[in-house]
Structure formats: structure tokens, C-alpha cells
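Chemist: Got a predicted structure plus its sequence, pasted below:
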Number of protein chains: 2
Amino acid sequence: MRYALLMQVDRSAVYGAIEAGGTKFVCAVADGNGKIHEQQRFSTTDPSATLAATCEFLRASSGRIGRLTAIGVGSFGPVYLRKESNQYGCIGKTPKPGWRGADIVGVLAREFACPIGFDTDVNAAALAEHRWGAARDVDNMVYVTVGTGIGGGVLTAGAPIHGLMHPEIGHIYPRRHPRDAGFAGVCPFHGDCLEGLASGPAIVARSGAELHLLDPGHVQWEIEADYLGQLCAQLVLTVSPQRIVLGGGVMSQQRLLAPVRQRLLHWLGGYVDRPEILDAVERYVVAPGLEPQSGILGALLLAMEASMRFNAK
Amino acid sequence: MRYALLMQVDRSAVYGAIEAGGTKFVCAVADGNGKIHEQQRFSTTDPSATLAATCEFLRASSGRIGRLTAIGVGSFGPVYLRKESNQYGCIGKTPKPGWRGADIVGVLAREFACPIGFDTDVNAAALAEHRWGAARDVDNMVYVTVGTGIGGGVLTAGAPIHGLMHPEIGHIYPRRHPRDAGFAGVCPFHGDCLEGLASGPAIVARSGAELHLLDPGHVQWEIEADYLGQLCAQLVLTVSPQRIVLGGGVMSQQRLLAPVRQRLLHWLGGYVDRPEILDAVERYVVAPGLEPQSGILGALLLAMEASMRFNAK
């Protein structure tokens, strides 16, 4: 359904795309073939300055390239996604100073007279990997980013899960690794949830070094792979994806993929009897196909979809 | 989409419905309003005898009530749900003797010249609770049964999740309760996964008694509620349901609902900032509205849907 909609999109139209991250914003003007014509990135400061810079780039770039047919935003979260909510398009309970309640869609709607698509940054990246990247052949998949935080976008039947809010898979509780018993974890909400134990800041807090500076034999690799393998197992058991795409700064240490796959198999214990996992786990848990562009291309897809939904009304 | 299909169903037609459980089969002949005209239950023995009894009931009952427009089956699992698989409609890797590979849909298709809908028992029950029961006002929900085993059906945007297989939420790993450290768990695959720690047989193995025979102050209640609260938290964080319906024999001990809700709030740690959970958890985690008929009514819905899909071709 969602996919069919996108098939009819005007590929030559011009779209705005915003990857609204907690650390940096990436803005682009692109076409419906996934070609980015202009792109800019800047640090995320306070909401008004950051959104003003976003609008300024989009105005200037569309002046050069063409009028925007629609804008898509993939945002850090938590965010409000239910259109019937009066907080739709706003940031939720984030620890990031100043951003709680920031009305991203509202600001853009006041500036630009066009449809605006809005979703989480990870749902957007999942859409991009599904459409153009490492999950083009499946309709049920998860995109996970492991970096400053841990988050995931989940597609079922080709569409992102929203529901009450949206998945927040970074905050599940893995079982503690026996060689990691003393570490309290760094999540401000939960301490030793997955993000508290396996995000980049957790690795630094535990070892004093980033993962890429650690010796290949360091126990941190074993701990990290075990926690991420538990995440993958939980995902298999709850949302039954046909593929899991693992991205983000921590995962860019390619040597992590193989041990994560092994720990996934360990935690499943032979229960999920599917050759896609048991015989081909290296095609089941994979690196992104589009990184570092998954997020901005996902925002482009949200713009294209918003345009199609608007035209379908 | 799925829901819209059902709106057009022929309510006066006659449907067959089968709740294919690992312990008992329930078979019914019903109409599209959810009215069951005849129902029979019998023990699950070997596949050929059990399916023969099923066919015999459906033939005899439809002879009295009317020709079957379609049949729906909600089955114990794991099952093959992808229509492109040559094992579609079969039982997967079950420990139940004789049932691995049993071709439920194939047997019914050879006996009855009508469309056949097929899904897991818990996805069927989720559909029934969504259509007629405790989750009529939401489109994203989970139905969990806690009994001999633990399983769950997950609806996103009104449709069950399939994906690679189907959710198997009973086999996630909760963190061990500090007062339950010595118990190995009873799951033949995983030992101390959720089913291994919190199913009916786990309670009996740990305490020597069924939950309903235990004193209200017994530590088993605390342990059980904690594990089920962890399950609910994991579900919130991975599939973001708007409601969680907890059914099954263990949950029929109504005093469990309140402590499970409290443990859900504990494990979320204030992170999911939605009034539906924080201010109204008693309407968020609820008992089924249809029990013990959720499963058979879900099978009826699968029959209705199969009929509509067939007609739409």
C-alpha cells in the first residue's frame, strides 16, 4: 500500500529533506529518484536557531533548484507521530536542553506551503534501507543505529510501526554479561538498559576508550557483541523481521558484525527454525547499504510520501 | 485496509472456525456477526486423528447449518505463514510428538472446496480482541496468553505481524528476579526464558503448586508479576502497542493484573511519557474481553478475511 503509493510519485519534483539529529541537522534538496542536489549540515543548537538555519537553507536551495513539492523530516525522539494529537510533529520528553515540546512540523508548515512528512530518524533510515539499501527484497525489517544512543526503526509490511508512540528499542534490558557485572550503565533513565550498556558513551565510560581504539582481543568486543546479539534476538522474537540492518558509529567497527550474529544464534537457542537465520545469518544481520546517507534519504522518502498522500486526498 | 475488507463481508454466510491448540482443538460453525451456531472441542492427539475429527465436525455441522463459505484456522506454532513457502499452512519445529510438518491447510483444502485463512492462535485471538473485545478502539495492540506456554499476537495498523515467521514473545529473556535466582526454568529450548520462568508449568516446577492455590502473600506472585511486567515493557519498547491484553489460564488469577501493571511502570522508568500508560495503566494492560472465546472468534475472523480476499481476486 505504502509502497504502491511511492511508485506513483513525481520523480522529477523537488523535495526538501531534513535529518534532525540530536547532535547535527542534515538538510537536503533532492529529487524523487533519490538524487540529492544540495546538502548542508550544521550542529544542533537551540530549537529556534537550528530550525531557522534549516528554513534558510531550504529557501535558498529551492530558489536555485525549484519549488519544494513537499518536505520530509526524520527526527531524533521521542516524537509525537499520531496526527490526531495536538502535539503531532513535536519533540517529546528528551533530555536535550530546550527541545522538549519543540514544534518542528509547525515551524516548517508556517514557512513552507507544502505537505510535510514526519517520522523518527530511525524509521526514516529504515524506509531508505528498504527502498534503496540493504533490505530492498523484504517488507519486514529493522534498522538499528548504535552510536551516541541506540535506536531502531521497525517496518512491518513495508510501513513503520507507530502505535502509542514509536519503538524505543534502545531501552530494553539485556541480561548482564558475566564479565560486565560491575558496570552501572550510563542511561539517565534506566542505568543499565541496552543504551546504558552498549552505546558509544557506555563503552567509553566502561573502558576509557572508544571501541575503535581497543585491541581486537579486548573483552569490550565480547561484551558489546553479546548485548547487541541479545537485541537482535529480542527483535526476532517480537517483530519477526526478515532482515536486521545494524548501523551507526559503533557498528562501523566492522569486526562487530560477525560476533553479533553468533550471539544472536546463541540467544535464539535453535528455536526459530528458519534457514534465513540458521544457514545465512550473514545475510540476515547486515551493515547498512546507504550509510551515512540512510537518514537523509529516508527523510526524502517521507517527503515523497507526504506529497503522494496529499495528492490522493 | 484489512479492517475495511472485513466491513464488506457477507454477515449471513456460514464459516468454519478452528482453534488448533496443542492441548485441545475447538471447532465451530458460525456466521459473520460473530454468532457461533455449533461448537465442539476435543483433545489434540496425533495429526491424522485430530484433523479427521475436525473435518467430520465441520462436514456434519455445515450439513445442518449451511455450506461453508470459508474456513479459518488459528494454530499453535510455530507455523509457516508465508504463502510463497512450500510449507505454508504447516506446523514448524514443535516439540509436540508427530506434529512437526503437519499440513493443516493442505488437509482442509483437500476436504473442503473453499478459501482457508491461517494464522497463529495468538494472532487470531488478537484479531478477535481488536474486532469484538478489549481493543476495539485501537489499531496497534498485543494479545498475550500465559498458560501452559506463553505466546503473543501482535497487530500493527490492524494486521498481525508475520515477517520471517511470527512473533514468539514467550521466548524473550527477562532479567532474573533476585528472589528467583536458583530456578533453572522449564523451557526445553532456553531453560530460563520467559516461558521457562513464568508459564504455568514453571510455576508448578518452582513452587509445587498451581498459582491459584498459592497464598496471596506468596513470593510467587511477586516473581510472576515482575516477569510479566518485563514482558509488557519489552513490548512497549519494541512494538509500541496502544493496548496490551493479557489472557490465558495463569492470568485468569485476576489479582495478577495490578502488580503486572506496576512492574511495567517500574521497568519503563518514566521513559515512555504517554498519559495512556502513566495515568491510565489500568486501561492499558487489561484482561481479554472475549475469553475463553478469543481464539475461536479469531479463527472466524480469519475465515471471513479469507473469503473477502478470495472474492477480491
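Modeler: Okay, I see it.
Chemist: Can you name the residues of the stretch 1-150 of chain A that neighbour chain B?
Modeler: Contacts of the stretch 1-150 of chain A with chain B, taken as C-beta under 8 Å from any C-beta of the partner chain, map to A:1, A:78, A:92-93, A:140. To be clear about C-beta, it is placed using only N, CA and C from the backbone, and glycine gets the same treatment.
Chemist: List only buried entries from those residues.
Modeler: For these, a burial check counting by 16 or more other C-beta atoms under 10 Å in any protein chain shown picks out A:78, A:92, A:140.
Chemist: ok, so of those residues, who is nearest chain B?
Modeler: For those, the closest approach to chain B (C-beta to the nearest C-beta) belongs to residue A:140, at 3.5 Å.
Chemist: Identify the residue spatially nearest to that closest one, adjacent ones excluded.
Modeler: residue B:163 (3.5 Å; C-beta to C-beta, 6 or more residues apart in numbering or on different chains).
Chemist: And that neighbour, which helix or strand is it part of?
Modeler: Using DSSP states H and E, residue B:163 sits within no helix or strand.
Chemist: what about it, distance to residue B:248?
Modeler: Distance of residue B:163 to residue B:248, given as C-beta to C-beta, to the nearest Å: 23 Å.
Chemist: Compare those two and say which is more crowded by neighbours.
Modeler: residue B:163 (26 against 23; other C-beta atoms under 10 Å in any protein chain shown).
Chemist: which other helices and strands contact the longest helix along chain A?
Modeler: In chain A, ranked by residue count with DSSP state H as the criterion, the top helix is helix A:219-239. Under the contact criterion of 3 or more C-beta pairs under 8 Å, 6 or more residues apart in numbering or on different chains; DSSP states H and E, helix A:219-239 touches strand A:141-146, strand A:150-156, helix A:194-198, helix A:200-207, strand A:243-247, helix A:257-268, helix B:219-239.
Chemist: For that helix, C-alpha coordinates in CSV please.
Modeler: Output of helix A:219-239 as CSV, limited to C-alpha atoms (Å, rounded to 0.1, in the frame of the first residue of the first chain):
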residue,chain,number,x,y,z
VAL,A,219,36.8,-8.1,26.4
GLN,A,220,34.8,-5.0,25.4
TRP,A,221,34.2,-6.5,22.0
GLU,A,222,32.8,-9.7,23.5
ILE,A,223,30.5,-7.7,25.9
GLU,A,224,29.3,-5.4,23.1
ALA,A,225,28.6,-8.2,20.7
ASP,A,226,26.7,-10.1,23.4
TYR,A,227,24.4,-7.1,24.2
LEU,A,228,23.7,-6.4,20.5
GLY,A,229,23.1,-10.1,19.9
GLN,A,230,20.5,-10.1,22.7
LEU,A,231,18.9,-7.1,21.0
CYS,A,232,18.7,-8.9,17.7
ALA,A,233,17.2,-12.0,19.4
GLN,A,234,14.6,-9.9,21.1
LEU,A,235,13.7,-8.3,17.8
VAL,A,236,13.4,-11.7,16.1
LEU,A,237,11.1,-12.8,18.9
THR,A,238,8.9,-9.7,19.0
VAL,A,239,8.7,-8.3,15.4
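Chemist: and that helix, what's its mean pLDDT?
Modeler: In this model, helix A:219-239 has a mean pLDDT of 97.
Chemist: What residues of it count as buried?
Modeler: A:220-221, A:223-239.
Chemist: Just give me the residue right at the centre of chain A.
Modeler: Closest to where the C-alpha atoms of chain A average out (C-alpha atoms, centre = their mean) is residue A:122, at 1.7 Å.
Chemist: Let me know the secondary structure of that residue.
Modeler: helix (DSSP: H, G, I helix; E, B strand; the rest coil).
Chemist: unless I'm mixing things up, it is touching residue A:155, no?
Modeler: No. Applying C-beta atoms under 8 Å, one finds residue A:122 not in contact with residue A:155, separated by 10.6 Å.
Chemist: Where does residue A:185 fall, secondary structure wise?
Modeler: Assigned by DSSP H and E, residue A:185 falls outside every helix and strand.
Chemist: How many neighbouring residues does it have?
Modeler: Residue A:185, neighbours per other C-beta under 10 Å, totals 20.
Chemist: so it makes contact with residue A:194?
Modeler: No. Between residue A:185 and residue A:194 there is no contact under C-beta under 8 Å: 9.2 Å.
Chemist: JSON lines please, covering the buried ones among the residues of the stretch 1-150 of chain A next to chain B and showing pLDDT and distance to residue A:63.
Modeler: Formatted as JSON lines, those follow (pLDDT from 0 to 100; distance: C-beta to C-beta, whole Å):
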{"residue": "A:78", "pLDDT": "92", "distance to residue A:63": "34"}
{"residue": "A:92", "pLDDT": "93", "distance to residue A:63": "33"}
{"residue": "A:140", "pLDDT": "97", "distance to residue A:63": "41"}
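Chemist: May I see those residues organised as TSV, with distance to residue A:46 added?
Modeler: Compiled in TSV, those are given as follows (distance: C-beta to C-beta, whole Å):
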residue	distance to residue A:46
A:78	19
A:92	17
A:140	38
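Chemist: Which of the residues you listed sits closest to residue B:203?
Modeler: residue A:140 (33.7 Å; C-beta to C-beta).
Chemist: hang on, isn't that closest one packed against residue A:244?
Modeler: No. Residue A:140 lies out of contact with residue A:244 (C-beta under 8 Å); the separation is 10.5 Å.
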